[in-house]
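Asks: Predicted structure and sequence below. I'll ask about it afterward.
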Amino acid sequence: MSDDIFQGYKGKALEMLKKYNVRVWGQAVIDTTRGEFKGTVLPRSENDDDQHIVVKIITGYNIGIDIKTIKLMKEVGYKKANYQIPEKQFPYTKGLPKVKLIGTGGTIASRLDYRTGAVIPAFSPGELYGAVPELADICNLETEKIFAVFSENMGPSQYIGLAKAIKKEIENGVDGIVIGHGTDTLHHTGAALTFMVQNPPVPIVLVGSQRSSDRPSSDAALNLMHAMTTAGYSDIAEVMVCMFGPTSDEYGLLHKGTRVRKMHSSYRSTFRTIGDIPLATVTRKGVTPIHKTYNHRRKDRKVDIFPYFSDKVTMLYYYPGMKPDTLNSIIDNGYKGVVWVGTGLGHVNKEMYPAIERAKANGVHQYMTLQTIWGYVHMFVYDTGRDMMAKGIIPAGNMLPEVAYIKLGWALGQSDDPEEVKRLMLTPINDEITKREPYNGYLIYQGGVPEVEEFIRKVHK
């Protein structure tokens, strides 16, 4: 057998495949000291070790089999897999709402690259229909891929591009807009679009998935169906994030773009509304509002676009022992805005005071947010807070740190005047600052506690 049919395998693992005449993409029965496994032999990542053979078992999951445990292998079939889903023409159905899907990349639009073992952007919006044909029962879909990047590569130029694309689609008469986006910075983009696209007449729904489309537990298809339902039928006309509610497939949640945060690295229910309650639940049958106040859908095509952003803004997460050179280097590199993420009610150590004063003298706009995530900045309580305000740091209420960073960049994209920037920062646009948190806006359950364990037994996560 030639080595080109052993993609990525090397060393001892390659010798094992050759010994039993088993090829990559071959269906194999593998007898091991841990039992028998049946499945398709997959390519290996070029950067992985030579001690394992990777097999996709019947459940759809991939497992690694240590070659030291293998007693016998037998190839019982062969079919090379094609993980590229072909694009399909989306059908038109009279009477269904017109929804525009804008693709940016991320796990909602990705597949596994078996050569590297990494998830890579691969699906075009048209391919998404090929993967989720149920979308045709929900809406008449138009698609456009304007970026093909992971969400860590989204930034100011992409925010501005999205805002302008949204304006164009609204003026073209769509009933709703869905934006496919990676989850890691989805909440940053949600905040940016809330500030850049104000008073929209239709829903603007950001959606992603925690697990790639080739995994059995992928949330991509259901999240897309929920997002399309929201865009086509919801009365809520604002920038929203649509993702799983519980970890089960029961329903999705809609979150305001300024009050949402990714809270778990792998849970499908990773997104939570912070300091408030979600806007609504969504299933394939429709949207059920939870929040009492929201912007309502309108029939006009008017929307206010403010596509501005200064990239000379940064965040400083305070830690005990922080040295002034951290802030001084930011000043020296020409930054004009700093969002502090302070301890407690909004504090940093006194060693930072000279650098804070220097930042103010150099025209750097400084705002304080909290590491606690929930709660409000209160800088009048202790002398530290009062000192920092006197030196130029402005409290940002209960604005989430990432939202404050986005808003300061947006504000400085429009003005460098301290009073105008302060007005923009502290005037709420869509609940990024609220007068109070509802009693149920802060809920963290601690496992192991008897009353919580009793609750968990009755409901799901």
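Replies: Nice, I can see it. If you're wondering where the values come from, they're calculated on a predicted model, not measured in any experiment.
Asks: Show me what the strand or helix carrying residue 402 is packed up against.
Replies: Element membership for residue 402, per DSSP states H and E: helix 401-412. Counting contacts by 3 or more Cβ pairs under 8 Å, 6 or more residues apart in numbering; DSSP states H and E, helix 401-412 packs against helix 186-196, strand 313-317, strand 337-342, strand 365-370, helix 418-426. Using the backbone N, CA and C atoms, a C-beta is placed for each residue, glycine as well.
Asks: Pull the residues that contact the second one.
Replies: For strand 313-317, contacts defined as Cβ atoms under 8 Å, 6 or more residues apart in numbering pick out 326-327, 330, 335-341, 371, 401-402, 405, 408-409, 412.
Asks: what angle do the helix holding residue 402 and helix 418-426 make?
Replies: Angle, helix 401-412 to helix 418-426, by axes from the mean of the first three to the mean of the last three Cα atoms, to 10 degrees: 140 degrees.
Asks: what's the angle between helix 401-412 and helix 186-196?
Replies: For helix 401-412 against helix 186-196, the angle between stretch directions is 30 degrees (the same axes, to 10 degrees).
Asks: Buried residues, helix 401-412. List them.
Replies: 401-412 (16 or more other Cβ atoms under 10 Å).
Asks: with those in mind, which one is nearest to residue 287?
Replies: Lowest distance from residue 287 to these (Cβ to Cβ) belongs to residue 403, with 23.8 Å.
Asks: Leaving out sequence neighbours, find the closest residue to the closest one.
Replies: The shortest distance from residue 403 to any non-neighbouring residue, by Cβ to Cβ, 6 or more residues apart in numbering, is to residue 191 (4.5 Å).
Asks: Distance check, the one you found against residue 6.
Replies: Using Cβ to Cβ, to the nearest Å, we find residue 191 at a distance of 48 Å from residue 6.
Asks: can you check residue 361 too?
Replies: Where residue 6 is concerned, residue 361 sits at a distance of 65 Å (Cβ to Cβ).
Asks: Can you name the secondary structure element that comes next after the strand or helix carrying residue 206?
Replies: Using DSSP H and E, residue 206 sits within strand 204-207. Tracing the chain past strand 204-207, the next element assigned as helix or strand by DSSP H and E is helix 220-233.
Asks: Can you check what angle separates the helix or strand just after that following helix from helix 186-196?
Replies: Using DSSP H and E, the helix or strand that follows helix 220-233 towards the C-terminus is strand 239-244. Angle, strand 239-244 to helix 186-196, by the same axes, to 10 degrees: 160 degrees.
Asks: Sheet-wise, list the partners of strand 239-244 with their directions.
Replies: strand 204-207 (parallel), strand 252-256 (antiparallel) (DSSP bridges).
Asks: any chance of these in TSV, plus mean pLDDT, mean neighbour count and distance to residue 43?
Replies: Converted to TSV, those look like this (pLDDT from 0 to 100; neighbours: other Cβ atoms under 10 Å; distance: least, Cβ to Cβ, whole Å):
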stretch	mean pLDDT	mean neighbour count	distance to residue 43
strand 204-207	97	29	30
strand 252-256	97	28	34
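Asks: can you list the ones you listed in JSON lines and add distance to residue 29?
Replies: Listed next are the strands paired with strand 239-244 as JSON lines, based on distance: least, Cβ to Cβ, whole Å:
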{"stretch": "strand 204-207", "distance to residue 29": "40"}
{"stretch": "strand 252-256", "distance to residue 29": "40"}
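Asks: still on that earlier bit, touching, the residue nearest to residue 403 and residue 399? I think so.
Replies: No: counting by Cβ atoms under 8 Å, residue 399 is not a contact partner of residue 191; they are 9.4 Å apart.
Asks: Would you mind listing the outside residues contacting stretch 404-411?
Replies: 156, 188, 191-192, 195-196, 306, 308-311, 313-315, 337, 339, 365, 367, 369, 396, 399, 420-421, 424-425, 432.
Asks: Filter these down to just the buried residues.
Replies: Among the contacts of stretch 404-411, those classed as buried by 16+ other Cβ under 10 Å are 156, 188, 191-192, 195-196, 306, 308-310, 313-315, 337, 339, 365, 367, 369, 396, 399, 421, 424-425, 432.
Asks: Helices of the stretch 351-461 of the chain, residue ranges please.
Replies: 353-361, 383-390, 401-412, 418-426, 450-458 (DSSP state H, counting those that start in this stretch).
Asks: got the buried residues for the second one?
Replies: Same thing as helix 383-390. 384-385, 388.
Asks: Dump these into TSV; add pLDDT and distance to residue 184 as well.
Replies: Formatted as TSV, these follow (pLDDT from 0 to 100; distance: Cβ to Cβ, whole Å):
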residue	pLDDT	distance to residue 184
384	90	33
385	93	32
388	94	31
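Asks: Nearest to residue 278, out of these: which one, please.
Replies: Nearest member of the buried residues of helix 383-390 to residue 278, counting by Cβ to Cβ, is residue 385, at 31.5 Å.
Asks: Setting aside sequence neighbours, what's the nearest residue to the closest one?
Replies: Nearest to residue 385 is residue 379, by Cβ to Cβ, 6+ apart, at 3.1 Å.
Asks: How many residues are close by that neighbour?
Replies: 20 (other Cβ atoms under 10 Å).
Asks: Contact partners for the closest residue to residue 387 other than its chain neighbours?
Replies: Nearest residue to residue 387, sequence neighbours excluded (Cβ to Cβ, 6+ apart): residue 353, at 6.9 Å. If a contact means Cβ under 8 Å, 6+ apart, then residue 353 has 387-388, 391 as its contacts.
Asks: Looking at those residues, spot the one nearest residue 277.
Replies: residue 388 (31.8 Å).
Asks: Pretty sure residue 359 is one of the things the closest one touches, is it not?
Replies: No: using Cβ under 8 Å, residue 388 makes no contact with residue 359, being 11.3 Å away.
Asks: hang on, the earlier thing: what's the overlap in contacts for residue 191 and residue 399?
Replies: 407, 432.
Asks: what's the closest non-adjacent residue to residue 170?
Replies: The shortest distance from residue 170 to any non-neighbouring residue, by Cβ to Cβ, 6+ apart, is to residue 303 (5.0 Å).
Asks: quick one: that neighbour from residue 211, how far?
Replies: Residue 303 is 34 Å from residue 211, by Cβ to Cβ.
Asks: For these two, indicate the residue with more neighbours.
Replies: A direct count of neighbours by other Cβ under 10 Å for residue 303 and residue 211 places residue 303 higher, at 20 against 17.
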